[in-house]
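Undergrad: From the sequence below, what's the structure:
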Amino acid sequence: MRSIRKGNEIESRHSRTVITAAVALVVLAVVGVVVAVTSSTSSAPRRVSTPPVSVADNPSAIRPITVVGDRIVRDGQPWWFLGYNSFTWSGNCGTADERMTTAEVDAWFGSMRNDGHGAVRLFFQPGWNLQRLDAAVASAKRHGIYVTVTLDDALGECGGSKKNASWFADDQQRNTYRAHLTRVVQRYRGEPTIAWFEYLNEPNDAEGALRPFYDEMGAVARQIDPSRLFASGTIAPYATGGDDQFREITASPGVDIASLHEYDEEEVASNHLDDVVSNSTGKPVLVGEFGITAGDGCDVDFDTRAQRIRAKAQAYIGAGLAGALAWSWQPGDDDCEYENLDADAASQEVLRDFQPRPVPRG
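TA: Numbers count the residues shown, from 1 in each chain. Here you go, the predicted model:
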């Protein structure tokens, strides 16, 4: 999550604090143009390129997602997805000029692909506003966007606590997390717009504590919603202590989908992909985060980033992975960063219009 990765090093770029309120002025644009919004601390408009036709009158666009072997399946056919991450969508996290209003989230969803392959990954941590999540899920359903919900951050950002061995051993922390998971899974029991949940963002092995935690919380979730899918939220084997630990975590009966996060910008497919696939215990693999910096002051412009996004999407989806989610969407400007996709019409177009070219699976 919002990290620089070089080889096997992980350096967190920022720590986020929980912000309990966001005030923004919402200005509705004319027909054919997405909402343009000014934040409470900036007069710069949110820049979203012209959306495709709405699927508001076609609720059948959202259909249940299942797992069959190493593929994610929709309507009996292998399914893929492409879209975005956001941790500022709820107004609970980020600086004042990054947090989004409900109207901005709805406009953002309306700008995405609406062919049944659009998806977003939203962080939703303990104590955050459930009404905002309700609104986001309802908006996603109207626009034909699948939602994945990450229930907490193992890095301890956005006001959370770091998920180390001490955290897993703390009964109070586990009980708080269990109550959060229970509340959210019960609230959306059977809702197909939520494709799957993640227990944690970017956990490590936590001295062997992660696998039993996933076993335990998976059993809790299955009692509530037996068909609900969960992804591991992991970065790659190097970040969990090695192949054996990654394989042990992914093998949990509480995990349905293995996860890779990568910021290997100049690579097409990440150099960690083979390790993830070979240790995924036969489960589907998704790229939960990939990031490419671009914008003013950067060596890469938006058009070049769009080309790289297209190449990565083809490398992953064309080869049979479940899909990929770009880091990230939040109100921003043209400065060189991962998070300025709202200003990047070229990358928006690729994420909206990309169609994979099938390639033989090795």
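Undergrad: For Val105, give me its contacts.
TA: By C-beta atoms under 8 Å, 6 or more residues apart in numbering, the contact set of Val105 is Trp89, Ala135, Ala136, Ser139. Yep, even glycine has a C-beta here, placed from its N, CA and C like the rest.
Undergrad: Kindly report the same for Gln186.
TA: So Gln186 contacts Ile224, Asp225 (C-beta under 8 Å, 6+ apart).
Undergrad: Just the C-alpha atoms of the helix or strand containing it, please, in CSV.
TA: Assigned by DSSP states H and E, Gln186 falls within helix 171-187. This file holds the C-alpha atoms of helix 171-187, laid out as CSV (Å, rounded to 0.1, in the frame of the first residue of the first chain):
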residue,chain,number,x,y,z
ASP,A,171,-7.2,-11.1,22.7
GLN,A,172,-8.6,-7.6,22.8
GLN,A,173,-7.2,-6.7,19.4
ARG,A,174,-8.5,-10.0,17.9
ASN,A,175,-11.9,-9.6,19.5
THR,A,176,-12.2,-6.1,18.0
TYR,A,177,-11.2,-7.3,14.6
ARG,A,178,-13.6,-10.3,14.9
ALA,A,179,-16.5,-8.0,15.7
HIS,A,180,-15.6,-5.8,12.8
LEU,A,181,-15.5,-8.7,10.4
THR,A,182,-18.7,-10.1,11.7
ARG,A,183,-20.5,-6.8,11.4
VAL,A,184,-19.5,-6.2,7.8
VAL,A,185,-19.9,-9.7,6.5
GLN,A,186,-23.4,-9.9,8.1
ARG,A,187,-24.4,-6.6,6.7
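Undergrad: buried ones in that helix?
TA: For helix 171-187, burial by neighbour count (16 or more other C-beta atoms under 10 Å) applies to Tyr177, His180, Leu181, Val184, Val185.
Undergrad: so which of these comes closest to Gly295?
TA: Within the buried residues of helix 171-187, proximity to Gly295 (C-beta to C-beta) peaks at Val184, which comes in at 34.4 Å.
Undergrad: Count the residues that sit near Gln223.
TA: Using other C-beta atoms under 10 Å, Gln223 has 10 other residues around it.
Undergrad: Got phi/psi on it?
TA: phi -60, psi -30 (degrees, to the nearest 10).
Undergrad: And the residue nearest to Leu229 when sequence neighbours are not counted, how far from Cys93?
TA: Ranked by C-beta to C-beta, 6 or more residues apart in numbering and with sequence neighbours excluded, the top spatial neighbour of Leu229 is Trp196, at 3.7 Å. Trp196 sits 21 Å away from Cys93, going by C-beta to C-beta, to the nearest Å.
Undergrad: Of these two, give the one with the bigger neighbour count.
TA: Neighbours were counted for Trp196 and for Cys93 using other C-beta under 10 Å; Cys93 has more, 26 against 20.
Undergrad: wait, the more buried one sits on Arg99?
TA: Yes. The pair Cys93 / Arg99 is scored as a contact, 7.4 Å apart, by C-beta atoms under 8 Å.
Undergrad: Least confident secondary structure element in this structure?
TA: Ranked by mean pLDDT, DSSP states H and E, the weakest helix or strand in the chain is strand 25-27, scoring a mean of 29.
Undergrad: residues in contact with stretch 134-144?
TA: 54-56, 58-59, 61-62, 89-90, 102, 105-106, 109-110, 112, 114-116, 118, 120, 122, 145-147, 187-188, 191, 193-194.
Undergrad: thinking again about what came up before, run the chain-centre distance for the helix holding Gln186.
TA: Distance, stretch centre to chain centre, for helix 171-187: 20 Å (C-alpha atoms, centre = their mean, to the nearest Å).
Undergrad: helix or strand right after it?
TA: Next element after helix 171-187 (DSSP H and E): strand 194-198.
Undergrad: Filter the contacts of stretch 134-144 down to the ones in helices?
TA: Thr102, Val105, Asp106, Phe109, Gly110, Arg187 (DSSP state H).
Undergrad: Now do the contacts for the last one.
TA: Listed by C-beta under 8 Å, 6+ apart, the contact set of Arg187 reads Leu130, Asp134.
Undergrad: Check the one 4 residues further on too.
TA: Listed by C-beta under 8 Å, 6+ apart, the contact partners of Glu191 are Val137.
Undergrad: what pLDDT does it get?
TA: As summarised for this prediction, Glu191 has a pLDDT of 97.
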